[in-house]
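Participant: Quick one, structure for this:
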Amino acid sequence: MQLIDTHTHLDFPDFDADRQAVLARARELGVEKLVVLGVEHGNWQRVWDQVLAHDGLYAAFGLHPVYLAEHQAQDVERLEQWLLSLQGHGKLCAVGEFGLDYYLPELDRQRQQMLFEAQLAIAERIDLPVLLHVRRAHAQVIATLKRYKLRRAGVIHAFAGSYEEAREYMKLGFKLGLGGAATWPQARRLRQVIARLPLEAVVLETDSPDMAPAMHPHVRNSPVHLPDICRELATLFEIAPEELASASSRNASQLFGWHCD
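Facilitator: Coordinates of the predicted model:
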């Protein structure tokens, strides 16, 4: 079973003690590619250094809404210049992680929206897909995406919306990122939504070190857990895990412009 983890924060300090071992074990389990995401100006270089140091790692860079207080006025221009400096490099695959977060009340929504649209415009100019953080803001994100109509679309990370919202994203060409949240039995509504999704619309992810799956509760999440996540989610689609892994890898490879074996 060959897998792609389309969303991990492997650069976070949580992995400093055993990053090499985690990668080695993940590869043994069939996780052949991983996308590591930059979230603010201060971690872009760290992400890039780690991606260059290891086979099978790819990078995306963005300004995450949860780090709104850390972002400076010049960071949007810095992001575009950073992406332009790496344009065409095989290890650069997307703009992200960015988006809208309406869950945390302290995050100014107007400033989030300005930052969101600025990064969509960058992705449009540089012609890269986007990896979007959307928390309790699906209506606003969908409305904004309808105005931008990105050619390469991207992934709605950790999708937990309704089936109607999923359909709107799919109409816009987006894939839906599925990970640990849907493995929990109490996530009944989400599991019902996932069961109705077409395979060509989904990609698998861990969001490690966050969002640990039900079979590994209360521990650091890891790319090592992706096969277990795949096996559990395959039961919702009523297919073999290998079929879900293949579909996810094919979808991710098409999105990022990778050759898919």
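Participant: Scan the protein for its longest strand.
Facilitator: strand 92-101 (DSSP state E).
Participant: Counting by contacts, list what the helix or strand following that one packs against.
Facilitator: Per DSSP states H and E, strand 92-101 leads on to helix 109-126 as the next helix or strand towards the C-terminus. Helix 109-126 sits against helix 75-86, strand 92-101, strand 130-135, helix 138-148, with contacts defined as 3 or more CB pairs under 8 Å, 6 or more residues apart in numbering; DSSP states H and E. For every residue, glycine as well, the C-beta is placed using N, CA and C.
Participant: do that again at 6 Å, thanks
Facilitator: In this structure, helix 109-126 packs against helix 75-86, strand 92-101, with contacts taken as 3 or more CB pairs under 6 Å, 6 or more residues apart in numbering; DSSP states H and E.
Participant: Give me the residues contacting it.
Facilitator: Helix 109-126 is contacted by residues G62, L63, P65, V76, E80, L83, V95, F98, L100, V130, Y148, L150 when judged by CB atoms under 6 Å, 6 or more residues apart in numbering.
Participant: on that earlier part again, so what strands line up beside the longest strand of the chain?
Facilitator: Looking at strand 92-101 with DSSP bridges, its partner strands are strand 57-61 (parallel), strand 130-135 (parallel).
Participant: how far off helix 75-86 does that strand point, in degrees?
Facilitator: Angle between the axes of strand 92-101 and helix 75-86 is 160 degrees (criterion: axes from the mean of the first three to the mean of the last three CA atoms, to 10 degrees).
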